[in-house]
Structure formats: C-alpha cells, structure tokens
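Let's see this in three dimensions:
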Amino acid sequence: MKEVKSNVFFVEERVFNFGTLVPSKEPQGIVERIKIENTNKIPCNVKFVVSKKAQNVIEQFAFDVEPKEARIPPH
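Numbering: from 1, shown residues only. Predicted coordinates for the structure are as follows:
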C-alpha cells in the first residue's frame, strides 16, 4: 500500500483519508477544511455525515463535521 501524503477522497469506498494525524493539545483539536464544488448546472443540497467503519464499537467517536447541511449553488 502506498503512503498517502495529503487529504484524499476515495470515491468507490466513499472514504476520506486525512493521512497521519498527531493528537493535539488544543481544546478544539485539529481542524481540516474541505472544499466541496458543484460543477452541475443546478444547485444541490448536501448532507455531511461522518460515521465509524465498525458500527459495533461503543467508544466515543473522535470526529465531527460542521455544517451538517449546505446548499451549493451551480458552477
């Protein structure tokens, strides 16, 4: 497997890979910004969801996403 050196979205797996992350002492943690584009001719509504790979794990999830929804204009 090749090492990923930047943020990459894998379309078929529907997985976003941040690469290696080092835990932060900052109370707000590490913030990543992702640019989402709509290249179509019509606007779209998007819901952003972050979930665990294994749903049977009961520990607290380490990630959150904001905003939860967005309306992206065309082009």
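
contacts and neighbour counts: CA atoms only from here.
Noted.

Identify the residue spatially nearest to Phe48, adjacent ones excluded.
Nearest non-adjacent residue to Phe48, counting by Cα to Cα, 6 or more residues apart in numbering: Lys68, 5.1 Å away.

my guess is the one you found meets Lys47, correct?
Yes: when contacts are counted by Cα atoms under 8 Å, Lys68 is listed as touching Lys47 (5.9 Å).

quick one, phi psi at the residue nearest in space to the middle of the chain?
Among the residues of the chain, Phe16 comes closest to the average C-alpha position under Cα atoms, centre = their mean, at 5.6 Å. Phi and psi for Phe16, reported as degrees, to the nearest 10, are phi -100, psi 120.

what pairs with it across the strands?
With DSSP bridges as the criterion, Phe16 is bridged to Phe9.

Can you read off the pLDDT for it?
As summarised for this prediction, Phe16 has a pLDDT of 80.

Contact partners for it?
7-10 (Cα atoms under 8 Å, 6 or more residues apart in numbering).

out of everything not next to it in sequence, what's closest to the residue of the chain positioned farthest from its centre?
Distance from the centre of the chain peaks at Lys41, with 24.3 Å (Cα atoms, centre = their mean). For Lys41, ignoring the flanking residues on the chain, the nearest one in space by Cα to Cα, 6+ apart is Pro74 at 5.1 Å.
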